[in-house]
Every structure is written in C-alpha cells, then in structure tokens.
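Undergrad: Need coordinates for the below:
(2 chains)
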Amino acid sequence: MSTPTPEAPKRLNRLGLELQPYRGGKTTLCAGCGHNAISERIIEAFFEMGVDPGQVIKLSGIGCSSKSPAYFLGAAHGFNTVHGRMPSVGTGAMLANRKLIAIGISGDGDTGAIGIGQFVHLMRRNLPIIYIIEDNGCYGLTKGQFSPTADVGSKAKNGVANELPPIDTCRLAIELGASFVARSFSGDKKQLLAILKASLAHRGTCMIDVLSPCVTFNDHEGSTKSYAYAKDHDDVMGDITFVPFFEDISVEYDPGTTKAVEMHDGSKLYLRKVAEDYNPTDKMTALRLLHETARRGEFATGVLYVEPDKEDFISLLGLVDEPLASLPLDRVRPGRAALDEVMESLR
Amino acid sequence: MSLSDVAVPAASRSTATRVVNDFSVQVATVNGSGSQTANLVLLRSIFQMGVPVSGKNMFPSNIAGLPTWYTIRANKHGYVGRKKEVDFLVAMNPETAREDVLSLEPGTAVLYDEPLKLSALRSDLVFYPVPFDRIVAEVCKDAKLRRLVKNMIYDGVLSKLLNIDLAQMAHALKRQLGKKQKAIDLNMGALEAGFAYAEQHLPKRDPYWVEPMDRTAGMILVEGNAAAALGCMMAGVTVVAWYPITPSSSLPETLIGYLKKYRKDPETGKATYAVVQAEDEIASIGMVVGAGWAGARAMTSTSGPGISLMAEFAGLAYYAEVPGVVFDIQRVGPSTGLPTRTAQGDLLSTAVLSHGDTRQIMLIPASVEECYTMAMDAFDLAERFQVIVFIMSDLDLGMNMWMSNTFEYPERQLDRGKRLDRETLQRIGEWGRYKDVDGDGIPYRTVPGESMPPYFTRGSGHNEKAQYSERPDDYVNNMERLARKFESARGHVPKPVVQDVDGAEIGIIGFGSSHWAIDESRDQLERGYGIKTAYLRLRAYPFTDELTLFLDRYERIYVVEQNRDAQMLALMRLDITADHHAKVRSVLHFSGLPIDARSVTDDIVEQEGLKPKTSAPRETLAAGIAGRGE
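TA: Reported below is the predicted structural model:
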C-alpha cells in the first residue's frame, strides 16, 4: 500500500466539505511506515471535526516525519522548515495570524536532538499548536542512526545496542508547561483519532508523541520501537471517548472509573476504565504513571495530561482580535502627533 | 578649517589663544559609577547652547568596576565624528588616571580628583585639582547617595571653566532625570557646588571656550538604535522577535517602549503588535520567517554572533522567498570579541549569508536619520522582493548620541509587495508560487488564512508551482530567477550619495558611520594638502550603476572601512571591471574605536606618497583594559 488516504466516504462534514480537501499528495515514505497511518488519522480528525483547511497551517522540521505534511490537508498552506526549528516558525506564524490552526509534525531526532531547545521553549509558551512527534527512535532519512528517544539496549539493524537513556518527551512536555500531553501508537487507529480530535478542541500546546515504527531501519527483533514490541508493551490507559461540542450526545458514565474533562471549546473528553486515582489534570499523577510504566519496560498511551483553561501564548500577549498580518496602515502606523511627541522628547 | 583646529600645537595652548567651540572633553570614570547622567547633561547643555556636539561612550563589557571613557566633542564646523586628540581630560578613575595623563599631548587640560596627585606626573599640562569627596560630603548628607551625585561636580566645574551656561546645565539635568525631584535637587546641589568651587579656586588656564551658536536649533539628540526603533514602528512592524546582545538590545527595548505607548488599539487597549524575547537568535529569525510567511511585517535585531546563528534560516528565507527585516548592529568579533566596541565587520558574511548560492540585500545607514528612514525602506523592500533585508548599522551609530534634524512623518503607503488577489489571479490565469510573471524575477505569493490558493513551502528543490522537484532544469530555472530578482533589486535599493568635485583625481568611497570621519577628512585633505576629493557614500548592497560611473571618473579610489579585510572592497571586486580593480585602494580602521578623520587623512596622504604634516596622536585609550583578572 503506498497511499495513506482511506477510501473516501461519500459524506460531507459539518462545513459541507468532502474529504478531498483534507487529503494530501501521494506519500513518498516507505510502504507500511507508521507516519502514513498518522497522516490518515489527521485527515480523518480534521474532516470529522469540520476544521476549515484554509485556516490550517501545516509545519514541520526535517526528516521522514517532516515530509508528511505534504501528504495530508492539501488545501492548507504548509511549511517544511529547517531541522529542529519548526517551533519558532510556528510561533511567528501564529503571532502573525492568531486565527490560524497550527499543526506541526516533528520526529524524535528533530525534537529530541537538534530541536530540543526550541521544543522546550514551545512547551513553556503554551502556543496554540498541535505538535506531533512521529517517534521511531531512529533517523530514517539518514539510514537508521539512533535518536534520543531510543531505549537503552534497543538494537540497531546492525546489532549495535543503544547505550544512552532515552528522553521522554511527554514527561518533558508536562514539566515544561504544555497544556495537553498525549502518547499514542500509530497502529492504534481508534485511540489516535480520539486524541487528535480532542487536541483540536484544546487551545494551547498539544504535545502528542506517537510511536510510529520505522519499517526499514527499526522494525527488527531487539528493537524496542518495532511494531511487534509496541503491540506487546503498549499500556493503553482505558478507552477515550471524545464528544465534540457540535454533537448533542449525552454520555452516561461511572465517575469511579471514568474521568470527564470539559475542553476549551465545550467538547467533552471521557477517559474510561482508568485507574481510580488517575487525574489527567494533575501533573504529578501523569508523571508518576509515565515513570512507573517506563520502569516496567512499557509505555503508557492515552491523554496523559490536560489543563483545559491554561492561558495560551496569544492571550498572554494581549493581541487584538484580528490577525496582525492583515491590520490596515492606519492601525499600525501611529499618527503625526505621536512622531511629534517623540521628536519633542528628543530635543 | 585649518590644521590647527585639529591639533593645536602646544605653544598655542594658552589662555591667550581662545579656542572656541572646537575641542573634545574626555571623561575617564569607572563603569557603574553613574557617570552617564553627568556626561549626557554635559553633552546636552552644549547642544542647547546651539553648538554642534557629539558624544561617544567607550565602555567595557562589564556592569561595574572596569574603566570607561566618554568623549564629548564640540565643533563649530559641525564635525561630529570621533576626534582622536583629547583637549580636556576629566580623570575620575584612579586606576587609569596615571596612564591617561601620560598619554596626553602637551598643553592638554586635566581636571582630576585631588587625592590622585596627578599634577606631579607632568609639567606640560594644565591641571585643575578638585577635592570631589569633600565637596560631595557638603552637598549630600546621605553617604550612600554620594557616589551617584559625585560626577555632577565635574559638570559644575566644567560649566565654569568652559563657559557652559549653568542654567542650560540645570535644564539638561531636569530633562535627564524627568520627574524625580529628589534626585534633581541632589544633583543640582552638586552641580552648583562644583561651579562655586571652580569660581573660587580654579583660575582659567586653558584656551577652551563654549560660546552660544545657532547650529542646533530645532534639532534632536538621539541614538541610532532609538531612531531605528521609531522607523520600525512607523513602518508598521507587527511581529518582533529578539534575543539580547550588545550593542543591539537597546533597539528592541526602545521599540517595546514606543509600541506600548503608541500601538495599543485605542478602543480595546489591545496590542497591534507582538514582541517575543526568544530563546536564541535562531528562534528569533525562525519567528521572523514564520511571521513573514504568514503575512506580517516581522523583524529582529542582533549583532555579528547572532547573524552567524541566523545563517541557516537566511538561506531558507532566500530560497523559499519569505520577507523579514534583520538589524545587524555590528561590533568587533568573533564570539564575544570586543563586544562593546564598534566595527563594520559583518558585510562580507552577511552579503552571502547561508549555504549554497545566496545574495542578501543590505541597507547601510550612516546617520540616525537613515536608521529611521531605512527601517521603513527595509520593510517595503523585504515585502517587494520577498527576502530578508539586513540593515547594517554599528555600535557607534546605534548606541551613541547623534544630532539630527527632526524626522519626517512618512507619507507613503506601505508596499506589501506582490500578493495574489482575485484580480491578479484573473489577469495571470494560472498561478504558480514561483513563476516569474512580470519578468522581474518576483513571483506572486499567498499567505495562509486569506482564502487564496495554498502552496507547500520548502527548502527542497521546487518547480514554478512550488511542487517538490529534483529535476535539473527546475533547479536551474529557479536559481536563475532568484538571480534575476536580485538584479531587479538594484533599481530599488537606496542609491549612493555622490559628491563629484571638478579637478579631483581622488575619489573616496565610504559607508555607514565612517561617513563622519570621511566628511571631516576631506576638508583636512583639501586645506592641509591641497588634495581635492570626490566622495561616494554607499547606502546599499547590491551596488548600483552610480558606483561604476564613479570608478570610471576618478584615478585613484580609496575605500574606507572599519574592518581588517576590506570587506566592502571584496564585494565590489565581484562586480567591477579589470580597469577598476587597478584603481581601488583601502583605508582600514579596526581598533574597536570609532574611525576618526585624522586616521583617514594620514592614511590617504601616505598612500599618495606624501608625508603627514601632523604626527598622529597616540590613542589616549591605549591604556584600555588588558590582563585584568588573568
């Protein structure tokens, strides 16, 4: 299979759009690459949530992951930037036009190595952006070198074992200030779709780490980022039910085993069958879970942490409601009196 | 002017000869001692008396404790470049006082802190000892505050000795301190006490006098960075991303002040701008590129080390065709280099900043007024040509106080460049993001969120429709179009200012803050040596036809630069003919101190095979800072 797009359902979304504008170009990634499955989920999520693709910007850094924005949402502007620096470009674009919906695709090298600095500050600022790490533990485009998310002891194709401990991007993101942090697996269609839809209901930085096996360089015996290993070690945190604000569905749930979170736009997120003491709005709970699963050699997937009302960077800066990029001259050039006043102060 | 205006022979330095409105005062203090207020009051009071004046702060990379010098030059002819010769030294720094005094030319006046006992060092100087501690103790009861007002005493002494109107000093002091009444009272007390001390104890024995003139009426005093900030605001900047670095920081910091005051929506109080202090210069330029791509007028400001970090993004912006404005307030490199000293050392690297084939547009202001106007030019050019435009200022221009005429309110509309709209789309039929429709190499662009056709922006090879392509013909076509676009820019960048002179064989080419030294040097050459010179002041890269014509017209061309490697000349050599290669020579100044007229004059005179008539004075600052903490 070389095309990531599913058979087009002959249906329209709430904007009256067909699936077509949500699709992208034909993928050039390897057949079976986890990244293609993620692109498919993005297409579905944006379609089903009824997001106007003309208001979306797709951004990426460099690497296999960063090619993928060309393969979804063809009706949106896209920018394949430089290695590890997509966060700054996204920040600039969102400041220019606060009405845009930004989705950034990064990889584990693009984020964890060259881009760790910009990643840190993006999380700190809580910029409204969906930031996805397509995480395969290796550099695919340069033929399989380890990345900073590779586990200790995980073996490369040539048998060499990784020696340095991995960076857990979810733990980092929670610590640093991201207000929506999730982890998923490219092979778990249902969970990933629910997480992506929930991220579209959130305003702030949504950091989503998606384990996405590299079929060419990191899918062998001994790798902890292979499909087989992932299926065996995915500690799924219950079921996620996402009810968007525009769907009038009431959900009955048992507060003992289901956590309900009201999202920024009024949508509802239900996390079912999670441990009784799990509170997704509490950092310590989320961090404890991540540490405990890692100790067991597993990885927890689901919505790990969400802070629906945290102030985002655009609000913090107190910008006017309209996009800065389109303000007319009379709103961006002060009048003659202002210049006169400054001149007077310099006499 | 005659040569004696520049270097007064020792014999003539007496009270018998009055040297009016033509001297420099050098104040040597310790960094962090609060001398800036006193120095600015001195500068401003001379300015208020109508006398052309300039101030240059030569400071160390340090918050407190290291030596710093401030030079104030009053000049009736309007020469405002640095004057190497010191006529009047104010020695407040015990650590450098001895060396400072030993380096002076005979006849120089020295005002000093009495306990330093400097008069014992030399017999050929005019000494004015002042017991600062005793005077300050009388006027400032609070011992903790004495340090801060002590320096105002030398202003008071100078007011009396140099005939600077005390009322003008008081006026300047109030301007400087604003509404802080307690501080004004304390400083006024010190000022008056200094004046009174000089009146009672210091009979005038030097020849320097300030007399009122009318050469500054209606003018302003401003730093280049503040002028640039004002230009950016008037250019309608909406996104500013920056990272602190000397000597650039005061540009965004001043801009933030202006924006807060003048760019809040009158109805909602919300900001019509966004300012981000980024995590580094790479993020700064990344934000500028993102904002420019999305249609905003975006800028950053930095210095050499920051420019180096921006190299990768500069290449992406060149190739993906994204507008933005970058100020480079140049300083001495590399890395920290001499971070608080001036240079024009980033020209060559910025002109071709990034990897692969790149050519960047640079604007080069020489005055605070050009810092203001070129800021506006830069945003228009950036959007017109869909490139990053670099404004190559420097520390001398950016951080020092310069006189200027008041700035004109901009009447022209903003040039938002070639943005695809429905009308254009109908006219051109099919749109391709990188298609040259008009023959000038500039394609039409769309921005996200405006309901115009999208495209995928990338550094990777692309064809006219912005589709990924590694086809050789697509790559070549695109590179040739980018070259054509750069050629088109020649017709739009600020043209050089040319002064042709009948009968001149020599032409001088200069740019940026060197202008003021060159301007003065040309007079020195003509009056001292009978050498007439024509002058071309470059204001932008790429070069324009005026440069070629100038090179045709004159026999020997001196290119004056503040760097070691003749960087501008190297850029010129890429463009000029073989005939021209043989004509060009260099005058280079790269000590970290602003270039001065005497250095230019002597260099040209020697290269002309003549002998300079004056011996160049030693740098008083040669004492400098060396070996501290090692």
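Undergrad: Quick check: phi and psi on the residue in the stretch 101-250 of chain A that chain B sits nearest to?
TA: Per Cβ to the nearest Cβ, residue A:121 is where the stretch 101-250 of chain A lies closest to chain B, at 4.3 Å. (C-beta placed from N, C-alpha, C; glycine too.) Residue A:121 has phi and psi values of phi -80, psi -30 when expressed as degrees, to the nearest 10.
Undergrad: excluding its backbone neighbours, what's nearest it?
TA: Spatially, and ignoring its direct neighbours in sequence, residue A:121 is nearest to residue B:279 (4.3 Å; Cβ to Cβ, 6 or more residues apart in numbering or on different chains).
Undergrad: How about residue B:258?
TA: Excluding its sequence neighbours, the residue lying closest to residue B:258 (Cβ to Cβ, 6+ apart) is residue B:233, at 4.9 Å.
Undergrad: So that neighbour sits against residue B:262, correct?
TA: Yes. The criterion here is Cβ atoms under 8 Å, and residue B:233 meets it with residue B:262 at 6.5 Å.
Undergrad: between these two, who's got more neighbours?
TA: residue B:233 (27 against 20; other Cβ atoms under 10 Å in any protein chain shown).
Undergrad: quick check, that one in a strand?
TA: No. The assignment for residue B:233, made by DSSP: H, G, I helix; E, B strand; the rest coil, is helix rather than a strand.
Undergrad: circling back: I'd say the residue nearest to residue A:121 and residue B:243 touch.
TA: Yes. Counting by Cβ under 8 Å, residue B:279 touches residue B:243, with 7.4 Å between them.
Undergrad: and residue B:517, what element?
TA: Under the criterion of DSSP states H and E, residue B:517 resides in helix B:515-529.
Undergrad: for that helix, packing partners?
TA: strand B:506-511, strand B:533-538, helix B:597-607 (3 or more Cβ pairs under 8 Å, 6 or more residues apart in numbering or on different chains; DSSP states H and E).
Undergrad: show me where pLDDT drops low in chain A?
TA: Along chain A, the model assigns pLDDT under 70 to residues A:1-9.
Undergrad: same check, this time on chain B
TA: Using pLDDT under 70, chain B drops low at B:1-16, B:615-630.
Undergrad: for it, which residue is closest to the average position?
TA: Residue closest to the mean C-alpha point of chain B, counted by Cα atoms, centre = their mean, is residue B:397 at 1.3 Å.
Undergrad: Which elements pack onto the helix or strand that one falls within?
TA: For residue B:397, the element it lies in under DSSP H and E is helix B:395-399. In this structure, helix B:395-399 packs against helix B:224-234, helix B:250-262, strand B:324-332, strand B:338-342, helix B:368-385, with contacts taken as 3+ Cβ pairs under 8 Å, 6+ apart.
Undergrad: who's in contact with the shortest one?
TA: Strand B:338-342 has contacts (Cβ atoms under 8 Å, 6 or more residues apart in numbering or on different chains) with B:58-61, B:246-247, B:303, B:330-332, B:394-396, B:513, B:562, B:591-594.
Undergrad: Helices of the stretch 1-150 of chain A, residue ranges please.
TA: Assigned by DSSP state H, counting those that start in this stretch, the stretch 1-150 of chain A shows helices spanning A:34-48, A:64-67, A:86-96, A:108-112, A:116-125.
Undergrad: Would you mind telling me which of those is nearest residue A:197?
TA: helix A:34-48 (4.9 Å; Cβ to Cβ).
Undergrad: Report all helices and strands that that closest one contacts.
TA: Using 3+ Cβ pairs under 8 Å, 6+ apart: helix A:34-48 touches strand A:129-135, helix A:189-200, strand A:205-211.
Undergrad: Please export the C-alpha coordinates of it as CSV.
TA: What follows is helix A:34-48, C-alpha atoms only, in CSV (Å, rounded to 0.1, in the frame of the first residue of the first chain):
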residue,chain,number,x,y,z
GLY,A,34,3.8,4.4,10.8
HIS,A,35,3.9,8.0,9.6
ASN,A,36,1.4,7.3,6.8
ALA,A,37,-1.1,5.9,9.3
ILE,A,38,-0.7,9.1,11.3
SER,A,39,-1.4,11.2,8.2
GLU,A,40,-4.6,9.2,7.7
ARG,A,41,-5.7,9.9,11.2
ILE,A,42,-5.0,13.6,10.8
ILE,A,43,-7.1,13.6,7.7
GLU,A,44,-10.0,11.9,9.5
ALA,A,45,-9.7,14.1,12.6
PHE,A,46,-9.7,17.4,10.7
PHE,A,47,-12.5,16.2,8.4
GLU,A,48,-14.7,14.9,11.2
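Undergrad: Touching it from outside, list them.
TA: Residues contacting helix A:34-48 (Cβ under 8 Å, 6+ apart): A:4-6, A:13, A:17, A:19, A:22-24, A:27, A:29, A:53, A:56, A:64-65, A:68, A:71-73, A:103, A:132, A:134, A:136, A:186-187, A:189, A:192-193, A:196-197, A:200, A:210-215, A:227, A:244.
Undergrad: next one: stretch B:430-447
TA: With contacts defined as Cβ under 8 Å, 6+ apart, stretch B:430-447 is touched by A:77, A:97, A:325, B:293-295, B:321, B:384-386, B:417-420, B:424-425, B:428, B:452-455, B:462-466, B:478, B:481-488.
Undergrad: which ones among those are found in helices?
TA: B:293, B:384-385, B:424-425, B:428, B:478, B:481-488 (DSSP state H).
Undergrad: Could you restrict those residues to the ones contacting chain A?
TA: Restricting the ones in helices among the contacts of stretch B:430-447 to those touching chain A (Cβ under 8 Å from any Cβ of the partner chain) yields residue B:293.
Undergrad: Derive a PyMOL selection command for the buried subset of the ones in helices among the contacts of stretch B:430-447.
TA: Selection of buried members from the ones in helices among the contacts of stretch B:430-447 for PyMOL, criterion 16 or more other Cβ atoms under 10 Å in any protein chain shown:
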select buried, chain B and resi 293+384+385+478+481+482+485+486+488
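Undergrad: Tally up the residues packed near the nearest residue to residue B:286 once chain neighbours are set aside, please.
TA: The spatial neighbour of residue B:286 that comes closest, neighbours along the chain excluded (Cβ to Cβ, 6+ apart), is residue A:88 at 2.7 Å. When neighbours are counted by other Cβ under 10 Å, residue A:88 registers 32.
Undergrad: For residue 336, grab the count of nearby residues.
TA: Assuming you mean chain A. Residue A:336: 11 surrounding residues under other Cβ under 10 Å.
Undergrad: um, chain B though
TA: Counted with other Cβ under 10 Å, residues neighbouring residue B:336 total 12.
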